[in-house]
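Colleague: Need coordinates for the below:
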Amino acid sequence: MTRKDLRLIFVGDGIEINQLKKIASLRGIAKKVIFEGRKDYLDIPKYIYHADVLVLPSIEEGVGRVLIESMALKTPVIGSKVGGIPYLIEDNKDGLLFDVANIKELKKKISLMIDNKSFAETISENAYMKYKKYYDFDISMETYLEMYKSILKDR
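Modeller: Residues are numbered from 1 along each chain as shown. Below is the predicted model:
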C-alpha cells in the first residue's frame, strides 16, 4: 500500500546522504523526502515532538540518546537491533525493533505505528513510563551520585 500522506524527514548528515537523495529522486519521491541536514542539539526536540514515529536505523550505535529523548516526548520509537538499542527498547512493549537492513521488516513496523494509533499510544506511554523510571534527570543524577559514593567508599 502506498501512503500519499506520509513524509520522511532526515535530520543529520553522514556519508550516505547523497546516495539517499539520489534514491529518493530515482524513485520519484523526492518531494516526500525532506533532508534537513545537521541541526543544533536544542532544535532536535521540535522534530521529535512533531513526528508520528522516530526511526533509528543504525548499522552501529551506542545507546541512542535520541531514543530516550523520544520516549520523554511520547513519540513512538523504532530502532535497529544493534549496539545498545535492544537494551533500551523492549520490542513490542515500549518500542519496536528490526533487523539491520531488513527493509521489509522496517516497513511493516512503520506501518504498524502509523496505521494503529492505539498501539502507538500504548507503546509511547510504556516508553514514557520507562523514561520516568530510569532516565529522568533526577533519577539519573541520583544513580550517578550513588555510583560515585560507592566508588569513593571502596577507596
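
Colleague: Can you get me a residue count around the residue nearest to Leu54 when sequence neighbours are not counted?
Modeller: Ranked by CB to CB, 6 or more residues apart in numbering and with sequence neighbours excluded, the top spatial neighbour of Leu54 is Ser70, at 4.4 Å. (Glycine included, C-beta is placed from N, CA and C.) When neighbours are counted by other CB atoms under 10 Å, Ser70 registers 30.

Colleague: And the strands in the protein?
Modeller: Here the chain has its strands, by DSSP state E, at 8-11, 33-37, 54-56, 77-80, 96-98.

Colleague: okay, these in a markdown table with mean neighbour count next?
Modeller: Shown next, in a markdown table, are those (neighbours: other CB atoms under 10 Å):
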| stretch | mean neighbour count |
| --- | --- |
| strand 8-11 | 15 |
| strand 33-37 | 13 |
| strand 54-56 | 20 |
| strand 77-80 | 26 |
| strand 96-98 | 22 |
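
Colleague: wait, the residue nearest to Leu54 sits on Ala127?
Modeller: Yes - look at Ser70 against Ala127 with CB atoms under 8 Å: they come within range, at 7.5 Å.

Colleague: and the protein, what are its domains?
Modeller: Segmentation of the chain into domains, based on automatic domain parsing, reads 1-38, 41-153.

Colleague: If I average pLDDT within each of these, which one is lowest?
Modeller: Note on the domains of the chain: domain 1-38 shows the lowest mean pLDDT, a mean of 88.

Colleague: hey, where'd the helices end up in the protein?
Modeller: 17-26, 44-50, 65-72, 85-88, 103-115, 117-130, 137-153 (DSSP state H).

Colleague: Check the ones you listed for me and report the most buried one.
Modeller: Of these, the one with the most neighbours on average (mean count of other CB atoms under 10 Å) is helix 65-72, at a mean of 22.

Colleague: Now do that helix: which elements does it pack against?
Modeller: When contacts are defined as 3 or more CB pairs under 8 Å, 6 or more residues apart in numbering; DSSP states H and E, helix 65-72 packs onto helix 44-50, strand 54-56, strand 77-80, helix 85-88, helix 117-130.
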